[in-house]
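Colleague: Predicted coordinates and the sequence they were generated for:
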Amino acid sequence: MSDKVRKTIIAGNWKMNKLRKEASELASALVAGTKGKENLPEIVLCPPFTCLDVVVAAAKGSPVKVGAQNVDHRDSGAFTGEIAPPMLVDCGASYVIIGHSERRQFFGETNQTVPLRVKAALNHGLTPIVCVGELLDERENELTDPVVKRQVGAAVTGLTEEEILKLVFAYEPVWAIGTGKVCESKEAARVVALVRSTLKASFQNKETAEQVPVLYGGSMSAKNAEELLAQDEIDGGLIGGASLKADEFLEIINHACKRPRLSATKA
Ligand code: 13P
């Protein structure tokens with residue numbers, strides 16, 4: 001049994017928003033706003049590729065980490081428009097979002113491409129934030145659990161136990177993304193727990209799966225963050241719209257600061 005403590009992580013997915021100057025200002029405001037705070041969660045800012053360097057510069061010397069929103073699985077080559085893992089590392093990124101529903105819906109990301117990207121990211125020392133979640137239609141047809149299980153199982157294909165322990169997952173019900181319809185906190189916690197229990201199949205010692213951080217994403221805001229983060233199972237948030245304004249994102253971070261650090265070992 002391990003007494004490893006699961007990290008609380010508050011990550012902002014800026015999606016296709018912000019020019020470089022705006023990105024630099026937002027990141028600087030967040031760095032200033034978190035300075036000196038106690039019990040800070042791990043804060044990860046995921047700007048568009050074009051803003052990675054200015055956000056890295058703004059975060060320099062602070063605990064704030066920087067991530068990208070997608071990555072190719074190859075290191076280099078004739079793949080017009082793609083960005084390779086070493087390029088992200090070169091820019092100073094340490095995280096990367098993989099399998100976001102918007103990539104799955106609009107850009108051909110599948111349960112086959114996700115594990116390739118996850119493996120490539122890990123090979124280059126990047127921490128993947130792997131997104132899973134069901135469509136509205138799937139929820140209405142009671143397919144949430146099989147869909148999420150399939151996505152989680154696919155994402156860890158071919159990974160060792162040690163590699164899986166380096167992952168962060170985010171449960172993002174697609175119907176809750178950008179809609180203002182937040183998943184009820186108990187239900188979000190239930191599916192987050194399902195992500196971890198699905199991972200048990202990959203570990204000899206099943207308890208080890210308890211160490212993997214799983215976030216919630218989908219209309220998380222300053223208004224609902226406290227209740228969502230009060231759920232022991234939910235280790236933080238992957239936040240879209242509410243991460244674009246410094247004041248609101250800082251309010252969410254403040255709620256996360258009040259969270260006790262949870263031991264991954266169940267009493
Ligand atoms: P919103 O917070 O805007 O709903 O977006 C969530 C999300 O997709 C984060 O990756």
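Modeller: Arrived safely, thanks for sending.
Colleague: Which single residue in the protein comes nearest to the ligand?
Modeller: Nearest residue of the chain to the ligand: G240, at 2.3 Å (C-beta to the nearest ligand atom). To be clear about C-beta, it is placed using only N, CA and C from the backbone, and glycine gets the same treatment.
Colleague: In contact with the most centrally placed residue in the chain, which residues are there?
Modeller: With distances taken as C-alpha atoms, centre = their mean, the chain has I129 as the residue nearest its mean C-alpha position (3.9 Å). If you count contacts by C-beta atoms under 8 Å, 6 or more residues apart in numbering, I129 has them with 11, 44, 46, 67, 95-98, 168-170, 215, 238.
Colleague: Residues of the stretch 151-267 of the chain that sit close to the ligand?
Modeller: Where proximity means C-beta under 6 Å from any ligand atom, the interface of the stretch 151-267 of the chain facing the ligand comprises E172, I177, G178, G217, G218, S219, M220, L238, I239, G240, G241, A242.
Colleague: Kindly recompute the last result at 8 Å.
Modeller: Counting by C-beta under 8 Å from any ligand atom, the residues of the stretch 151-267 of the chain close to the ligand are 170, 172, 176-180, 217-221, 238-243.
Colleague: from those, which would you call buried?
Modeller: When neighbours are counted using 16 or more other C-beta atoms under 10 Å, those contain these buried positions: 170, 172, 176-177, 217-221, 238-243.
Colleague: taking these one by one, which sit in strands?
Modeller: Applying DSSP state E to these, the entries found in strands are A170, L238, I239.
Colleague: Which parts of the stretch 151-267 of the chain are helices?
Modeller: Ranges of helices in the stretch 151-267 of the chain, per DSSP state H, counting those that start in this stretch, are 161-164, 185-199, 225-229, 246-257.
Colleague: now what about the third one, what contacts it?
Modeller: Yep, that's helix 225-229 we're talking about. Outside of helix 225-229, the residues within contact range by C-beta under 8 Å, 6+ apart are 8, 182, 185, 188, 216, 220, 234, 236-237, 251-252, 255-256, 259.
Colleague: pLDDT averaged over that helix, what's the number?
Modeller: Along helix 225-229, the predicted confidence averages to a pLDDT of 97.
Colleague: send the alpha carbons of it over as PDB?
Modeller: Listed in PDB are the C-alpha atoms of helix 225-229, where the atom choice follows Å, rounded to 0.1, in the frame of the first residue of the first chain:
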ATOM      1  CA  ALA A 225     -16.000  25.100  -8.100                       C
ATOM      2  CA  GLU A 226     -16.300  24.900  -4.300                       C
ATOM      3  CA  GLU A 227     -19.000  22.200  -4.500                       C
ATOM      4  CA  LEU A 228     -17.200  20.200  -7.200                       C
ATOM      5  CA  LEU A 229     -13.800  20.400  -5.400                       C
END
